[in-house]
Structures are given as C-alpha cells and as structure tokens.
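Engineer: no sequence on hand, only this structure:
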C-alpha cells in the first residue's frame, strides 16, 4: 500500500496544478510510530507531504460534510462507503469530489503490537509490504502486519472502494469471513449477562466523544449530546448517562455505519464501541439486506418507508 | 533534605503501613493502561509504569462531583434549601505520582487555590493529601517536561520522592508534610553510595528528554500576532474536536455546573469536567457562540496553555510536558509541534 504514496502525490500535484480541486485530503506522516495525521494539501508543494501506509485508519470522509469547495480525497473501501452515504444524505455533492480510490489490505492495530512488547516503548516502526519492523531502546522485532490488523479490518469484506474517479492500485481480493462471531456470542447471553457485559464494556468511558467525533456518519449540526435547550443527556460518568450516549449513538448510525473502525481506533481508553454498531449493522443487513454505502441510489433503510418493510419486531 | 532507603522486598509492607493510617492512591494496572486508584491491597500498587493514562487530577477534582443537593418536595420543611453534599477529606497519600503531574497541581492551584480565590474542595483535598512522587528514570519519547520548567526528578510539587535505584528506592523527604507522614515508617537512612547513584540517574534522565519548544519565545511574541498567525489553519484541520486531550491533561481545569432533578422531588448540583474543544463550551444562552468554529477552539486550547497562562501568571506554561495528549490524540495533533510553530514567529508553516 505504500506504493500509493507516489501515486497520491502525483495525482494531488496534477489536480492542484490544473485547478481541478481546491485541496487534496489525505494523510501526512505523523510525529509518532504508527500515527499519521489527516492533512489537506492546498498547493502542489504541500502534495509532497502526503503519505500512505498501514497507519491511515482514520476515516477521511469525516472531513467532508458541508464543505463547499472542490476536494480530492483518498478513500479506502470503508471511506468510500461513507462518502456514498454522505452524498445520499446531501452532505456533499458528488461533483465536488475527486475520489482517489485506495484498495486496502487493512490498517495496523498498534495496540495489538504494543501488547507483544511487555511495556517497552516503540520508538520507530518501519513498514515494508506485509512486514512491520518496530524498534526501541533495546529491542527490535518484526511483525506480519496481516496478523495485527484493526479488528474491523480483519473481518472487512469490502476492501475495495465502491466509488472512485481514479484508482491508486489494482483491486485487492475480498475476504470471505464470518463477520458476526462476537455479536452472536453476545446475542446468546441472558439479559442480565448482557447488561453486565455492556456495563463493563463502557465502564472506562470518559465521555470525551472521540468515537462520535471520528465518525463520518456523525455530522449532525447539533449532536444529541450537545442539545442544551433542554439538555437531552446527562454529562456525568454515571452508567445511566454513559449508556444513554453509547446506545443512542449506535442507533443513530444503524444502516449508515461502514464499520470503518475509526471510533474504536480513536477511543483513548480502548473501549470496543463497535460491539454496538456491529449489532445494528447485522440487524439492518438481516432485515433489509442493506449494507451501508454499497449502492449509490438507495438511502439507508431507517431513512425511508416502504409498505413491504419487514417488521418482525412489532 | 534527608534521604532514606527502602529495599524493594520491604516495599509492600511499607505501603501496608501507610494504608493503616491513610487512604493510599497508587498506580494500578487496568487492562492496557495504568490508572491511579485507591488501594484495597498493597500488592495492587505497580510502579512498573511510565505514566498513568489519565492524569491524577481526578483525585482532587473528580470528573463529575455532586457539590450540593436540595429537596423539591413541597411538604419538606427544608424544600429548596441548597445543602453541601458531605465529602470525604480524610488524610490520604498519593504514592508514585510523577513529578510532572505533581507540578501540574501547582499550576492548577492558580485557578483553584490562590490568595484571592479558594475552591473549598480542591483546597481541602490538597491540604489533606501527601504526594510521594516517583522520579522518572527513563522518560517516554513523548515527554518534554524539561522544556516546560519541570523535569523527571523535579521535586517542586512533591512532599517526598522515590527514586528507583535498582535494588530499592531512595526516598527524599521534601516538605514537613512529607516528613510527618513518613515518620511513621521508621525508615533507615540511605547508604552512602545512594546519593551519588540518584544524581547519576537524574542526569541521565534529564539528558534523555528532548527539547520540544521554547516557552519564552512564545511569551515574547505579541498575543495578537500569534492569535492571527496563519499557522492555525493547518494545525486545526485534522482536529476532531473530541475531548481526549483536555480530559487527559493534568492542567485542564475547566468545568460546567449543572442541576439534575430526580423525579421532581430532589435535585443535585453537579460540577462536571468540560472541554474547550466542545462547541457547547462557549454556547451562550442567547444562541450566540463566540467560538463556533473548530479553528477557534483549537487555537484557544493551545493559546491558553502556552500563551495566556504564561502572560497572566508569569510562571511558565500551563503544560508540564507529560505527553498524554501527544500519545492519545486520535489524529496526532502534537503540542510539541504546535509550540514550535507558535514560537517561531514564522508566517509560513511547514
């Protein structure tokens, strides 16, 4: 995937020089191992700062809603699906966008790699193909990236962009995987077990809203947690307030979530917030046969009414 | 400054003695991260940490605190009388706090406990707490304490400080408070060679911390020059406006006060951490929002930490270089880089 770097820079320079776009949204190299920073290149010179590797897990579609300029954007499979949703939901117009499609082999989960290092600090990480070599003060270790992917990437079945204006590489092979093993385990729990499970899951939450803020489907002008006249949700870390936030957020992205994993990646305390959104993804898929962003002409099922909508829950 | 010594094998027993007299907070491993927790057993304390994920500020300033409560029941003779919620100010010890975090409390005192203003709960908790620090022999790559007027062995905010010398802990007593608390432990004086070892560790730790930026360079520039500099356009782009940096920061002290009414019969007045990253933070009752744009909020956070605080108090930045925000920012906005840009006086970022 690193080969994309040159292609992104070339495309960015061309598009900026020809004034086809006002900016190119991608990543620039971060200041720490396994981190890149979302970045918008506005000049051909800045285009040389753009990079691509396995540390581009933030969903760039998050930077699009309500923009009025013309934008080129690098999009993985998941990003492209969220762009589709945003177009359907009138957050951005297709003609404003030049999508640089990035077939994706998954993003690295630095936490999983850190787990293998007995608390030693990673000072450098070098990626080459599927290998990533990490080193610190007194160690060096090489990992197979494919074994240390973000959990959403490990079970991703839509790695190739669904819409693009130019592709940065050949399509990658899609995975055949069971996506809902963890969800099925939770579904099999007794109600009281579920409650305990979810209470423990969100116990560390500090209400920073990083999960919401990183989410490309969370673009409401006023998020329900920011409603103040009157206030909708309590601001404490009491389980009732925290639960309300997580449950409501998950319901609001039902049928709109691409499982890009930006929420989980962003959580500073490592909560597996995808357990909520994935359950709803599964429900929507089973009830309506709909996967977010896979088609460009069908709004998310909870957004439309059809007389033959299944309603087994009534 | 007397210096004592604790062999590592004796350490759990020492913690137990402290626990017999005080509530003892210490770093405890919880999943992938460390956090300060009130110890239930001495063995849970784990000094094998770099730093805790969250700063220890919640010990003095909980994320959500019930300040007052009141009855709304019409037949209650005390209806509508706001009463202070009882709080526990019994003596406590924070064991293993890093020098940067202890220094942060000093900076926070400017807000919560100055000559002019005293937050009663912060002040009483500060008063009843003894800070036994733990020097950083090997700071993280994200640490920059030495750039912001503190350091891995800085005793400024501490009552006593432990230094890991390999086979044990050298213990420096710094204040009278520290002396009183540690008096119960009947510790042995440190062997002669320990002082030299501590000096060596200190020198090597300080040397290992990279210079991040130059606070005086930021102080010397005009406030409006930095405020209006074009650097913010590029700095703010990636920001998600989540509250991660502010909630983890040991010197972010802003709060909101809210009343929560339960079932119409009683109410609580709460103090809740708030964040300048949130749009709601500055949302006026009139509907106007003076910081409605992301770029304004991002600028505010860095200006407050690195410029306004310096200008107002003249005691350096409101940042102790703990590096938590650097490590936890989901989009890698790095205060070290921002500090460099703010101090560069340059109008051409990157």
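Structural biologist: Yep, it's here. Bear in mind that the values here come from a model prediction, so they are computed numbers and not experimental data. Numbers count the residues shown, from 1 in each chain, chains lettered A, B, ... in the order given.

Engineer: so which helix or strand takes in residue A:14?
Structural biologist: helix A:4-17 (DSSP states H and E).

Engineer: now do the strands in the stretch 1-150 of chain A.
Structural biologist: Secondary structure of the stretch 1-150 of chain A, counting by DSSP state E, counting those that start in this stretch: strands at A:23-29, A:36-41, A:50-51, A:71-75, A:97-101, A:124-128, A:131-136, A:139-144.

Engineer: right, I mislabeled it, should have said chain B
Structural biologist: B:3-7, B:23-30, B:33-38, B:64-71, B:83-84, B:92-97, B:129-134, B:160-164, B:168-173, B:188-189, B:255-262, B:266-273 (DSSP state E).

Engineer: and the helix holding residue A:14, what does it pack onto?
Structural biologist: Contacting helix A:4-17 under the criterion 3 or more Cβ pairs under 8 Å, 6 or more residues apart in numbering or on different chains; DSSP states H and E are the following elements: strand A:23-29, strand A:50-51, strand A:71-75, strand A:97-101. Glycine gets a C-beta too; all of them are placed from N, C-alpha and C.

Engineer: ok, residues contacting the last one?
Structural biologist: Pointing back at strand A:97-101 there. Here strand A:97-101 makes contact (Cβ atoms under 8 Å, 6 or more residues apart in numbering or on different chains) with A:7-8, A:11, A:15, A:20-21, A:24, A:26, A:64, A:70-75, A:80, A:83, A:160-161, A:163-168.

Engineer: picking up where we left off before, now the strands of chain B in TSV, with mean neighbour count?
Structural biologist: Supplementary listing: the strands of chain B in TSV, determined by neighbours: other Cβ atoms under 10 Å in any protein chain shown:
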stretch	mean neighbour count
strand B:3-7	17
strand B:23-30	21
strand B:33-38	18
strand B:64-71	17
strand B:83-84	12
strand B:92-97	25
strand B:129-134	25
strand B:160-164	23
strand B:168-173	22
strand B:188-189	10
strand B:255-262	14
strand B:266-273	19
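
Engineer: among those strands, which comes closest to chain A?
Structural biologist: strand B:64-71 (3.7 Å; Cβ to the nearest Cβ).

Engineer: from the strands of the stretch 1-150 of chain A, which stretch is densest packed?
Structural biologist: Neighbour counts (mean count of other Cβ atoms under 10 Å in any protein chain shown) averaged over each of these peak at strand A:71-75, with a mean of 26.

Engineer: picking that back up, in TSV, list the strands of the stretch 1-150 of chain A along with mean pLDDT and distance to residue A:281.
Structural biologist: Converted to TSV, those look like this (pLDDT from 0 to 100; distance: least, Cβ to Cβ, whole Å):
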stretch	mean pLDDT	distance to residue A:281
strand A:23-29	98	25
strand A:36-41	98	24
strand A:50-51	98	30
strand A:71-75	98	19
strand A:97-101	98	22
strand A:124-128	96	29
strand A:131-136	97	29
strand A:139-144	98	28
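
Engineer: nearest the geometric middle of chain B, what residue?
Structural biologist: The centre of chain B sits closest to residue B:250, judged by Cα atoms, centre = their mean, with a distance of 2.4 Å.

Engineer: hang on, that residue packs against residue B:54?
Structural biologist: No: using Cβ atoms under 8 Å, residue B:250 is not in contact with residue B:54; the gap is 9.0 Å.

Engineer: still on that earlier bit, quick one: which of the helices and strands packed on helix A:4-17 is nearest residue A:276?
Structural biologist: strand A:71-75 (24.6 Å; Cβ to Cβ).

Engineer: elements contacting the closest one?
Structural biologist: Strand A:71-75 packs on helix A:4-17, strand A:23-29, helix A:77-88, strand A:97-101, going by 3+ Cβ pairs under 8 Å, 6+ apart.

Engineer: ok now it, how far from the chain's centre?
Structural biologist: Taking Cα atoms, centre = their mean, to the nearest Å, one finds the center of strand A:71-75 at 15 Å from the center of the full chain.

Engineer: any idea how many residues pack against residue 311?
Structural biologist: This is for chain A. 7 (other Cβ atoms under 10 Å in any protein chain shown).

Engineer: not what I meant, chain B
Structural biologist: 11.

Engineer: need the contact list for it.
Structural biologist: Contact partners of residue B:311, counting by Cβ under 8 Å, 6+ apart, are B:219, B:223.

Engineer: one more time with 10 Å
Structural biologist: B:218, B:219, B:223, B:303 (Cβ atoms under 10 Å, 6 or more residues apart in numbering or on different chains).

Engineer: try residue B:93
Structural biologist: B:15, B:18-19, B:21-26, B:39, B:128-132, B:159-160, B:178, B:181-182.

Engineer: need the three-state assignment for residue A:254.
Structural biologist: coil (DSSP: H, G, I helix; E, B strand; the rest coil).

Engineer: contact partners for it?
Structural biologist: A:217, A:276, A:277, A:279, A:280, A:281, A:283, A:284, A:292, A:300, A:301, A:302 are the contacts of residue A:254 under Cβ under 10 Å, 6+ apart.

Engineer: where exactly do the helices run in chain B?
Structural biologist: Using DSSP state H, the helices of chain B run over residues B:11-21, B:99-112, B:120-127, B:176-183, B:192-208, B:215-220, B:223-227, B:231-236, B:244-248, B:294-303, B:309-313, B:324-328, B:335-344.

Engineer: the last one close to chain A?
Structural biologist: Yes: with Cβ under 10 Å from any Cβ of the partner chain as the measure, helix B:335-344 is seen reaching chain A through B:336, B:337.

Engineer: mind giving me the packing neighbours of that helix?
Structural biologist: helix B:215-220, helix B:223-227, helix B:231-236, helix B:294-303, helix B:324-328 (3 or more Cβ pairs under 10 Å, 6 or more residues apart in numbering or on different chains; DSSP states H and E).

Engineer: quick one: closest of those to residue A:221.
Structural biologist: Using Cβ to Cβ, the helices and strands packed on helix B:335-344 put helix B:294-303 closest to residue A:221, at 13.4 Å.

Engineer: quickly list what's touching both of residue B:250 and residue B:54.
Structural biologist: Listed as contacting both residue B:250 and residue B:54 by Cβ under 10 Å, 6+ apart are residue B:324.

Engineer: now tabulate the helices of chain B in CSV and tack on mean pLDDT.
Structural biologist: Putting those into CSV (pLDDT from 0 to 100) gives the following:
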stretch, mean pLDDT
helix B:11-21, 96
helix B:99-112, 97
helix B:120-127, 97
helix B:176-183, 95
helix B:192-208, 96
helix B:215-220, 96
helix B:223-227, 96
helix B:231-236, 96
helix B:244-248, 98
helix B:294-303, 98
helix B:309-313, 95
helix B:324-328, 98
helix B:335-344, 97
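
Engineer: quick revisit: how about JSON lines for the strands of chain B, with mean pLDDT added?
Structural biologist: Shown next, in JSON lines, are the strands of chain B (pLDDT from 0 to 100):
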{"stretch": "strand B:3-7", "mean pLDDT": "94"}
{"stretch": "strand B:23-30", "mean pLDDT": "97"}
{"stretch": "strand B:33-38", "mean pLDDT": "97"}
{"stretch": "strand B:64-71", "mean pLDDT": "97"}
{"stretch": "strand B:83-84", "mean pLDDT": "97"}
{"stretch": "strand B:92-97", "mean pLDDT": "98"}
{"stretch": "strand B:129-134", "mean pLDDT": "98"}
{"stretch": "strand B:160-164", "mean pLDDT": "98"}
{"stretch": "strand B:168-173", "mean pLDDT": "96"}
{"stretch": "strand B:188-189", "mean pLDDT": "92"}
{"stretch": "strand B:255-262", "mean pLDDT": "93"}
{"stretch": "strand B:266-273", "mean pLDDT": "96"}
